[in-house]
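K.L.:
could you work out the structure for the sequence below:
(4 chains, ligands or ions: 6)
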Number of protein chains: 4
Amino acid sequence: MDDAVTNSPVPSVRSCRTGAWLVGARGSVATTAVLGAAAVRAGLAGPVGLVSELPSLAPAALPSLEDVVLGGHDVVVTGYRKRAEVLAAQGVVPRDLVVALGAELDAADADVVVPAAEPDQRRRVAALAAAMRDFHGRHDLDRLVVVDVSSTQPPLDTDDAELVTDLASPEAVRAAWDAGRSPLPASAEAVWAAYEAGAAVVAFTPSPGVGVPAVAELGRRAGVPWAGADGKTGETLLKSVLAPMFVQRALHVDSWSSFNILGGGDGQALADPVAARSKTATKAAALEAIVGRPVPGPLHIDYVADLGDWKTAMNHVGFTGFLGTRMQLQFTWQGCDSALAAPLVLDLVRLLAACADAGRSGAVPELGFFFKDPVGSHEHALAEQWHALLGLVDELAGRRP
Amino acid sequence: MDDAVTNSPVPSVRSCRTGAWLVGARGSVATTAVLGAAAVRAGLAGPVGLVSELPSLAPAALPSLEDVVLGGHDVVVTGYRKRAEVLAAQGVVPRDLVVALGAELDAADADVVVPAAEPDQRRRVAALAAAMRDFHGRHDLDRLVVVDVSSTQPPLDTDDAELVTDLASPEAVRAAWDAGRSPLPASAEAVWAAYEAGAAVVAFTPSPGVGVPAVAELGRRAGVPWAGADGKTGETLLKSVLAPMFVQRALHVDSWSSFNILGGGDGQALADPVAARSKTATKAAALEAIVGRPVPGPLHIDYVADLGDWKTAMNHVGFTGFLGTRMQLQFTWQGCDSALAAPLVLDLVRLLAACADAGRSGAVPELGFFFKDPVGSHEHALAEQWHALLGLVDELAGRRP
Amino acid sequence: MDDAVTNSPVPSVRSCRTGAWLVGARGSVATTAVLGAAAVRAGLAGPVGLVSELPSLAPAALPSLEDVVLGGHDVVVTGYRKRAEVLAAQGVVPRDLVVALGAELDAADADVVVPAAEPDQRRRVAALAAAMRDFHGRHDLDRLVVVDVSSTQPPLDTDDAELVTDLASPEAVRAAWDAGRSPLPASAEAVWAAYEAGAAVVAFTPSPGVGVPAVAELGRRAGVPWAGADGKTGETLLKSVLAPMFVQRALHVDSWSSFNILGGGDGQALADPVAARSKTATKAAALEAIVGRPVPGPLHIDYVADLGDWKTAMNHVGFTGFLGTRMQLQFTWQGCDSALAAPLVLDLVRLLAACADAGRSGAVPELGFFFKDPVGSHEHALAEQWHALLGLVDELAGRRP
Amino acid sequence: MDDAVTNSPVPSVRSCRTGAWLVGARGSVATTAVLGAAAVRAGLAGPVGLVSELPSLAPAALPSLEDVVLGGHDVVVTGYRKRAEVLAAQGVVPRDLVVALGAELDAADADVVVPAAEPDQRRRVAALAAAMRDFHGRHDLDRLVVVDVSSTQPPLDTDDAELVTDLASPEAVRAAWDAGRSPLPASAEAVWAAYEAGAAVVAFTPSPGVGVPAVAELGRRAGVPWAGADGKTGETLLKSVLAPMFVQRALHVDSWSSFNILGGGDGQALADPVAARSKTATKAAALEAIVGRPVPGPLHIDYVADLGDWKTAMNHVGFTGFLGTRMQLQFTWQGCDSALAAPLVLDLVRLLAACADAGRSGAVPELGFFFKDPVGSHEHALAEQWHALLGLVDELAGRRP
Ligand SMILES: NC(=O)c1ccc[n+]([C@@H]2O[C@H](COP(=O)([O-])OP(=O)(O)OC[C@H]3O[C@@H](n4cnc5c(N)ncnc54)[C@H](O)[C@@H]3O)[C@@H](O)[C@H]2O)c1
Ligand SMILES: NC(=O)c1ccc[n+]([C@@H]2O[C@H](COP(=O)([O-])OP(=O)(O)OC[C@H]3O[C@@H](n4cnc5c(N)ncnc54)[C@H](O)[C@@H]3O)[C@@H](O)[C@H]2O)c1
Ligand SMILES: NC(=O)c1ccc[n+]([C@@H]2O[C@H](COP(=O)([O-])OP(=O)(O)OC[C@H]3O[C@@H](n4cnc5c(N)ncnc54)[C@H](O)[C@@H]3O)[C@@H](O)[C@H]2O)c1
Ligand SMILES: NC(=O)c1ccc[n+]([C@@H]2O[C@H](COP(=O)([O-])OP(=O)(O)OC[C@H]3O[C@@H](n4cnc5c(N)ncnc54)[C@H](O)[C@@H]3O)[C@@H](O)[C@H]2O)c1
Ligand code: NA
Ligand code: NA
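P.N.:
Numbers count the residues shown, from 1 in each chain, chains lettered A, B, ... in the order given. Ligands and ions are numbered 1, 2, ... in the order given. As a prediction, this is how the structure comes out:
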C-alpha cells in the first residue's frame, strides 16, 4: 500500500447520476443550459462561466457534468432545436453548436413534459411529482434537483388573511385543498411536487416558492436541501461588489438609480407590473442590506423588444466623500442573460446534489453567492458570499464536518 | 481590582501625540488633509471618507485626529488659505470651511518648511531629517509619520548598473556620496531622512522610495514600519472589486481599456510621459495580479485642464461567458481626487502610528487596502485587503499577538 | 464722403425698454435669470449660454439686456438673495456673483408680486393683468413679455366635454365664468392676463396655456406674438440632433430608452405622475416627429433629491444598419437645468420683444429652436430650427419683409 | 386631360452600367460591400444603411444597384466566401446571407486582381490602369468609379523637399520616374491609375491620394470627378452633429476627450502610430472647424483585438454654460465599422457615377456629408452637409443647371 497517496487525499469526483428537472424547461435559460451541458459533454465548450469548474471548487468533488441528465416541464411544446436556433439568431449561443448538437437537442425533447390541464391543484401537484419520480426512475438517477427557471410570478398577497392561514403549514394547505381552494402560488406547485418526490430545489426566480412557510416545512420534513432565490447575473451582481466598496471606504451613497432594459420572454413577463414586483423586491434587497439603510433612487425594469436576451443595466450612483464633496459613478452592463444564467443553473445542480449527498437539508445559505435574495442569509456582499461558498466546498471535501 | 472591566477590554483611544510630515505639503492632497483635519477637530466635518472612523476599526484604538499635528515641506511657498481657496473654487472643498478655518490654515503655515537649495544630496537629506526632528521636538510628539504626497517621480532606471550598485545598501549609498554622486532618487530623499529621524513612512505616490533596497534596509535598521505604494482612490479601486467578480464567476476578461482624464497639479505632472510611467505601472499591477495574467487593453492618463481635480475614468471591459458569448461592462468614475485621497492620508497616519506603537517594523502588508501597489503583498482584491486590515485591527486591539 | 457707411447698414440695437414678467418668479430658472441679467449688466458675466449674443443673431438688433427689466409673480415669498444662495450652494450659480450682486437681488424683490387669494377666476385673472399693467407703467416700458417658468401643470382633461366647450372661445370662457365655473387651467390664467395687458407670451413649461383654443384666440385678437412650448435644454436637445443623424444616414432606430433623474423644485413637481404627463408628452414628441413613427422604449423622469438642479439623462439607443447589423449608442448628459434654461429665457424675451416690435402676432414658429414642442411647427430637428431662427433674424433685420 | 402627369416629371433611374473598382478589395469594408450589393440584388437585404435609397435622393435618379459591378485589387488572395465567413463569425454580417450567396461570392472572386510584384512605380501604375481598363471593357461598363478602401497609409512627409517638388505636377512625377524615383505614395498609385483609365475616384481612407497636387492636376486634366476623404462612420459622425449643437446654443466647449478602441484589420493598421497619424488628423479636423478653434482633449485610437470590427468610441465633453456653470456630456458609440462603411461605399459609387454622367469634374464638395475631411469644403456640420447633398440631388435631377 502506498501511504503517500492517502497523505494528500485528492477527492475524486462523486459518481452520482444527477437529474436536473427544469421548471420552464423550454425557456431561454433552460434551453441554454441543455445546449451547454451537451456542448461541454461533447468537448465543444470549455469551462468559462461555470463556477463549479473553478480550481477553488475542485475539492468539493462535485458530480461531473457527464453525469447530469436534464429534463423538466413547460407549458409550451416548441422543441429544443427550434428554441436554440432562435437563441443563436439573437447571438445568445453560437449557431455552430446548435448545428453540431442537433441530435442531442432532439433527444433532450424526450424528457420534457407538458402537464395536462387539470383544474384541481392537489392533482396537478401529484401529477408533477409523479412525472419527476418517473424521470428519476427512467434514468436510474441517484439524485434529483428541481430548478425553477419558469416565468417570474407575482409575490404573495400577504394582505389576504385566508391565504396566509392556508399557507401556514402543510396541513393547512391540505385542509384548503379539501375545502376546494388552491392556496399554493403557481411557482410553489413544482416545489411542493419536488419535495414530495424527494428532490432538492433551486429557486432561480424571485417567485414565491421555497420561502412559503408550508412549503419550507414540507421540505424540512422531506430532509432535502434547497437554495435560492433569483439568480444574480447582472445589475445586482455589480451592486454586490460595488456597494461594499463604498461602505468599506466610508463613502456615503446618496442615491443609486437603476435602469434595466431587456427583451426576450423574461422581459415580456416583467413588463407585467404585478410580476415585476417580485423582481424589483429582490433587486432592491442587496443594496439596502449592504449599505445598512434604504438608498434613494428609482429602479426600473422595462421591456425593449429589440434587445432580446441582452439585458442592459444603466446605473447612476451619487455619493459623498470627505468634507461633503459630491461624486458620481455610472456603469452600463451589457450582458446576455441566458449565457450568464445557464452555467449557474448547472453549477447549482451540481452543488445542491453534493449537498444532498452530504446529508444537508433545509436552506443552504452558503449558496447565497448565486442569488439576489439568498434564503437563509442576510449576506449580500459577493466577496463574503464567495468565502461562504469556499466554506461549503471545505465541508463537502470532508475537511470541516 | 475590578474584574468586570478587564473582562470586556474596551480599548480606549491611544493618547499618542502623532505628527504627520507631508512631503509635498502644499499640494492638493496635503492641503485638503490639513483643512479636513482642522474641520473634523472643529466639529465642522463628519467622518465620511475616513476609513479610520468606521465602527469596524474602533477596536484598534487609533490615535485621535485631535492628537494629529500636520506639517511638512514643499518647494513652493503659497500659504494654505490661498491654496484652499483655489480648491474651493474648483469644488474640491466647501468655501464655507475655508472661511471658517482661515485662522487654523494660517497657523498651519508655520509648520511648513521650504528646504534651502543645497547641491549635496547627503546634506540635503540631513537638513530634511533635522527639520523633521525639530518638528517632532517642537510639538512634543510621541510619533512621527512621514507621508509622501509630492509630485510623482519617474521609476528607477534599472538599466543604469552603477545606480543599481549605489542603491544596493545604505553603505553603498554613503560610498556613492563620498564619491560625489547623488544616487537617491528625489522621492527617496525624504524617506531616508524619515528613517534617520526615526519616523514611519507612507508612500502615497508611485515614486520610487520605500522599495529602493538601500532605503528599505535603512528602514529595517531604524525599526520603523512603512506602507505603500500609491493611494488607491479611483479606477484601480474599482478594478479591485470588479476584477475579482469576473474571476469568481469564471467569466473570461478579454480586454480592459482604461482611459483617465484629469487636470490639476497631479494631471500636469502625469502629462510628462516619464513621470507617468510610475503611475501606469502601479495601475496595471492590480488587474494582472487578480486575473492571473496580463489583460489586453490600453491604459491612458491624459491631462485635461478644465477638469481640475476631478479625475474621470472611463473603462470598457470586454468579457466572454458560457459558450463563448461576448459581453461588455463600461463604467465612468467622476471622483474628486483630493477629496478621496486626503482622508486616506489621515487614516494611514493614524494606522501607521498605531503600528509603530505596537512595535511593528518593516513593510505593513495589511495596509494594502489603501494602495494600488501594496508593498509586501501580492493581494489586490479589495475584499481580501479589507479582511487583512481587519486582521491588523485585531492585532492592534491586542486580540492577536 | 461717408456714403460707404450707409451702404452697409449695421442695424443698431433697438432702444426698446422691455419688461419680462416671470410667472414663477421665485423658481430656480427665474432666479438664475434675474441674477444672470444683473451679472451681464454689471459686466460680471459674459455671453456664454446666451443664443441672442451669438454673432449670427446680431443683425436682428435685439433689445439690449441693459434695457430688460425683470419682475413677475409667484406663490412663495422667499427673497432673491436667499434663493440665489441656495442655488450657489448647489453649484448652479457662483457664490461670488450672489455676494457681489446682493443689492441688485434685493432691489429685484420689489418687482415680485404674490397675488392675494381670490376664489373667483375672472377676478384672479383681472388682478394679474392689473399687476402686469402696473409693472409696465411703473418702469415706463415699451414692451412686456410674460414668461411662464412656474411649476409644470398637468395637461388638459380632453375627456371632460364641458371643459372642452368652455375653452372653445373667449366668449365661452366668459360664459363659464358667468355660470360660476373656472374653466382656465392654472397655467392659462397668466397667459390670459398677459393678453389682456397687451403682452407677448413665452410658454417655457409644457403646461397647457398658449395652446388652449380660447386663449390662442384671445392672443390673436390682442395682436401679440407668442412662443413655446417647454424649453429644450437637455435630453430632447440631444435627440433633436442625434435623431436626424440616424434618419439622414438611413439607419433604423429600433428603440430609444430615456432615463432622466433630477432633484430640485422641478424634480419634485415632476415626481407627481399627473404633472409629469405634460412633460413626457412634450419629450416624446420630438423623436416621433423626426423619425416619422413612434419609437419603442421607456421614458422615465425620476426625482432624485441629492442631484438638485443637476439633471442627468442616460439614454440608450438600439439601431440597425446595413444587412441587419445591430448597434448601440449611449449617452449621459449631466446638465445644470437652470444654468441652461435661464439664458434661453432672456433670449426669448429679447427675441419676442423684437417680434412684437416688428408687428408679428400669433405663434412664432421660427422660435421652435428653443422648445421641445414648438407651437405652430412640426419641425423638431435642431439644425432646421436654427435655419428658421436665422430666417427670423433676417426678417427682423429688415432683409426680408 | 393627363397633362398633370407630365407636369411632375418623375426622373427614371439612369440606365448606366457602373463599375466599382475597390482598392483593398479583400478588406472588411470591401467584402461587406460585395456581399451587401449581392444581397440587395437578390432581394435578401433592404435599403437600411443606404443613404442613396432614401426618398430624398430619389430625384437624382442614381444608377440602380442592379447595374453596379464590383471588382478591384488587393495584395491578399483569400476568397470572398472565406472573408465573409470570418465577418459572419464576428457578427458583422449575417451567416445566412453568406450561405445563401456563396455562389455569388465565389463569382465575384473572378474580378479581383492581385498585382504582380513590380519594383518600378511607373510600370506598377500602368499595370493597374490596364487592369481597370480591362475590367471596364470586360463588363461593358458605362462608367468606372475607383474606391480606396485599402489599409490606411501615413500622411505625406511635407518636410521632404525633393518629394514635395516631385509631387508638384504630373510632369514632375514623370520626371522623377525618369530619374528612377518613386514619388507617389502607395495610396496615390491607384488614384493615378484611375485617372489614366478615365475613372472617377472615392478616397474612403485618410491616406494621401486625391489631395496630392500632381494627382489632383491629373484628375482635372482627365475631366473626372472625385470625392473624399475618409468615410465618416462613427465618432466623427457624432461630433458633426453634437458640436454644432454646442455652438448654436452658445455653450463653451472646454474639452473633448476621444477614446476609440477597435480590432480587425483596420485596428491593426492603426496600431502603427505612423499610419494612425493620417487618421487622427482627419478626426481632429471636424471639431476644430465647427467650434472655430482647437479644442483641448486627447484623441486615442487603440487596437483591442477582441472587439473585431466593433469600433467603440467613448467620448467625454466638458462644457461651460451661463455664469460659468460646468457640465458634461459623455457618449459611447458601439458601431460595426464595416456595416456602417460598406453601404456608404455603394452610395458614393452611385452618386459619383451620376456626377460623372452629369459632366461634373474635380472635387465634389457636396459629398462632404460622407467624409471626415471633405475635399473641396470646410463644412463639417452634418446638417449643412445634408443640405449640400440635397443641392447636388437637385442638380442631378436637372432642377438646377
Ligand atoms: N437569465 C437570467 O439572468 C436570470 C436571472 C435571474 C432570474 N432569472 C429568471 O429565470 C426565469 C427564466 O428566464 P428566461 O429568460 O429563461 O425566461 P423565458 O421566458 O425564456 O422562459 C420561461 C419559461 O417558463 C415557462 N413557463 C411559464 N409558466 C410556466 C409554468 N407554470 N410551468 C412551467 N413552465 C412555465 C414558459 O413557457 C417559458 O418557456 C425568469 O423567471 C427569470 O426572471 C433569469
Ligand atoms: N489624489 C489622489 O487620488 C491620489 C491617489 C494616488 C496618488 N496620488 C499622488 O499624490 C501626489 C500628490 O497629488 P496632488 O494632487 O496633491 O498633486 P499636487 O501637484 O497638487 O501636489 C504635489 C506637491 O508636491 C510638491 N513637490 C514637488 N516636488 C517636490 C519635492 N521634491 N519636495 C517636496 N515637495 C515637492 C509640489 O510643489 C506640490 O505642491 C501625486 O504624486 C499623486 O500621483 C494622489
Ligand atoms: N430648467 C430647465 O431646463 C427647464 C426646461 C424646460 C422647462 N422647464 C420648466 O420651467 C419651470 C420652472 O422650472 P424651475 O426649475 O425653475 O422650477 P422651480 O420649482 O424651481 O420653480 C417653479 C416656481 O413656480 C412657482 N409657482 C408654482 N405655482 C405657481 C403659480 N400658480 N403661480 C405662480 N408661480 C407658481 C413656484 O412657487 C416656484 O417658485 C418648470 O415647469 C420646468 O418644467 C425648465
Ligand atoms: N469601416 C469604417 O467605418 C471606415 C471608415 C473610414 C475609413 N475607413 C478606412 O477604410 C479602409 C478599409 O478598412 P477595413 O476595415 O476594410 O480594413 P481591412 O484591413 O479589413 O482591409 C484593408 C484591405 O486593404 C488591403 N491592402 C493593403 N495594402 C494594399 C495595397 N497597397 N493595395 C491594395 N490593397 C491593399 C489589405 O490587404 C486589406 O485586405 C481603412 O483604411 C479604414 O481606415 C473605414
Ligand atoms: Na436573505
Ligand atoms: Na409643433
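K.L.:
from now on I want contacts and neighbour counts done on CA atoms only, so please keep to that.
P.N.:
Will do.
K.L.:
residue contacts, the nearest residue to residue A:305 once chain neighbours are set aside?
P.N.:
Using C-alpha to C-alpha, 6 or more residues apart in numbering or on different chains and skipping residues adjacent in sequence, the residue nearest residue A:305 is residue A:263, 4.3 Å away. Contacts for residue A:263 (C-alpha atoms under 8 Å, 6 or more residues apart in numbering or on different chains) come out as A:303, A:304, A:305, A:306, A:307, A:308, A:309, A:310, A:311.
K.L.:
repeat that with 10 Å
P.N.:
A:269-271, A:302-312 (C-alpha atoms under 10 Å, 6 or more residues apart in numbering or on different chains).
K.L.:
ok, now how distant is it from residue C:269?
P.N.:
According to C-alpha to C-alpha, to the nearest Å, residue A:263 stands 32 Å off from residue C:269.
K.L.:
how about the longest helix belonging to chain A and chain D, any contact?
P.N.:
Looking across chain A with DSSP state H, the single longest helix is helix A:337-357. No - Helix A:337-357 is not in contact with chain D by C-alpha under 10 Å from any C-alpha of the partner chain; minimum separation 16.8 Å.
K.L.:
what's the first helix or strand after that helix?
P.N.:
strand A:362-363 (DSSP states H and E).
K.L.:
list the buried residues for the helix or strand just after that next one?
P.N.:
Of the helices and strands lying after strand A:362-363 in sequence (DSSP H and E), the nearest is helix A:382-396. Neighbour-count burial for helix A:382-396 flags A:382-386, A:388-390, A:392-396 (criterion: 16 or more other C-alpha atoms under 10 Å in any protein chain shown).
K.L.:
could you name the helices and strands sitting against helix A:382-396?
P.N.:
Counting contacts by 3 or more C-alpha pairs under 10 Å, 6 or more residues apart in numbering or on different chains; DSSP states H and E, helix A:382-396 packs against helix A:235-248, helix A:337-357, helix B:235-248, helix B:382-396.
K.L.:
tell me the angle of that helix relative to helix A:337-357?
P.N.:
Per axes from the mean of the first three to the mean of the last three C-alpha atoms, to 10 degrees, the angle that helix A:382-396 makes with helix A:337-357 is 40 degrees.
K.L.:
which residues touch the closest residue to residue A:203 other than its chain neighbours?
P.N.:
Nearest non-adjacent residue to residue A:203, counting by C-alpha to C-alpha, 6+ apart: residue A:228, 4.6 Å away. Contact partners of residue A:228, counting by C-alpha under 10 Å, 6+ apart, are A:147-148, A:201-206, A:209-211, A:348, A:363-365, A:367-376.
K.L.:
quick check: the residue nearest to residue A:305 vs residue A:309, distance?
P.N.:
6 Å.
K.L.:
find the closest residue to chain D in the stretch 1-150 of chain A.
P.N.:
Proximity to chain D, evaluated over the stretch 1-150 of chain A using C-alpha to the nearest C-alpha, is greatest for residue A:91 at 8.2 Å.
K.L.:
hang on, that residue in a helix?
P.N.:
No - under DSSP: H, G, I helix; E, B strand; the rest coil, residue A:91 sits outside any helix and is assigned coil.
K.L.:
chain neighbours aside, what residue packs nearest to it?
P.N.:
Here the residue nearest residue A:91, using C-alpha to C-alpha, 6+ apart, is residue B:325, at 7.4 Å.
K.L.:
wait, residue A:47 touches residue B:321, no?
P.N.:
Yes - between residue A:47 and residue B:321 there is a contact under C-alpha atoms under 10 Å: 9.3 Å.
K.L.:
of those two, who's got more company?
P.N.:
Higher neighbour count among residue A:47 and residue B:321: residue B:321, with 24 against 17, using other C-alpha atoms under 10 Å in any protein chain shown.
K.L.:
test my guess that the more buried one contacts residue A:344.
P.N.:
No - counting by C-alpha under 10 Å, residue B:321 stays clear of residue A:344, with 11.2 Å between them.
K.L.:
find the residues that touch each one of the two.
P.N.:
With C-alpha under 10 Å, 6+ apart as the test, residue B:321 and residue A:344 both reach A:49, A:50, B:249.
K.L.:
and of the residues you listed, the nearest to chain C?
P.N.:
Distances from chain C to the shared contacts of residue B:321 and residue A:344, taken by C-alpha to the nearest C-alpha, are shortest for residue A:49, at 24.7 Å.
K.L.:
can you pull the pLDDT of the closest one?
P.N.:
At residue A:49, the model reports a pLDDT of 97.
K.L.:
what separates it from ligand 1, distance-wise?
P.N.:
12 Å (C-alpha to the nearest ligand atom, to the nearest Å).
K.L.:
contacts only, for the closest residue to residue A:282 other than its chain neighbours.
P.N.:
Distances taken as C-alpha to C-alpha, 6+ apart place residue A:373 nearest to residue A:282, at 5.4 Å, with adjacent residues excluded. Under the criterion of C-alpha under 10 Å, 6+ apart, the neighbours of residue A:373 are A:205-206, A:228-232, A:236, A:279, A:281-286, A:379-380.
K.L.:
so which of these sit within helices?
P.N.:
A:236, A:279, A:281, A:282, A:283, A:284, A:285, A:286.
K.L.:
residue ranges in chain A under the pLDDT threshold?
P.N.:
A:1-15, A:400-401 (pLDDT under 70).
K.L.:
ok, now with 90
P.N.:
Chain A contains residues with pLDDT under 90 at A:1-16, A:77, A:89-91, A:154-155, A:158, A:264-285, A:309, A:398-401.
K.L.:
quick one: the strands in the stretch 151-300 of chain A?
P.N.:
A:200-203, A:225-228, A:252-262, A:299-303 (DSSP state E, counting those that start in this stretch).
K.L.:
need those in TSV with distance to residue D:352, can you?
P.N.:
Formatted as TSV, the strands of the stretch 151-300 of chain A follow (distance: least, C-alpha to C-alpha, whole Å):
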stretch	distance to residue D:352
strand A:200-203	62
strand A:225-228	63
strand A:252-262	42
strand A:299-303	43
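K.L.:
ligand 6: which of the ones you listed is closest?
P.N.:
Evaluated with C-alpha to the ion, these place strand A:299-303 nearest to ligand 6, the distance being 28.5 Å.
K.L.:
strands paired with the next helix or strand after the closest one, and their directions?
P.N.:
Using DSSP H and E, the helix or strand that follows strand A:299-303 towards the C-terminus is strand A:310-320. When pairing is defined by DSSP bridges, strand A:310-320 lines up against strand A:252-262 (antiparallel), strand A:326-336 (antiparallel).
K.L.:
a markdown table for those, including distance to ligand 4?
P.N.:
A markdown table is the format used below for the strands paired with strand A:310-320 (distance: least, C-alpha to the nearest ligand atom, whole Å):
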| stretch | distance to ligand 4 |
| --- | --- |
| strand A:252-262 | 28 |
| strand A:326-336 | 23 |
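K.L.:
what parts of chain A come near ligand 1?
P.N.:
Residues of chain A lying close to ligand 1 by C-alpha under 6 Å from any ligand atom are A:23-24, A:26-30, A:73-76, A:149-152, A:204-205, A:230-233, A:265-266, A:337-338, A:340-341.
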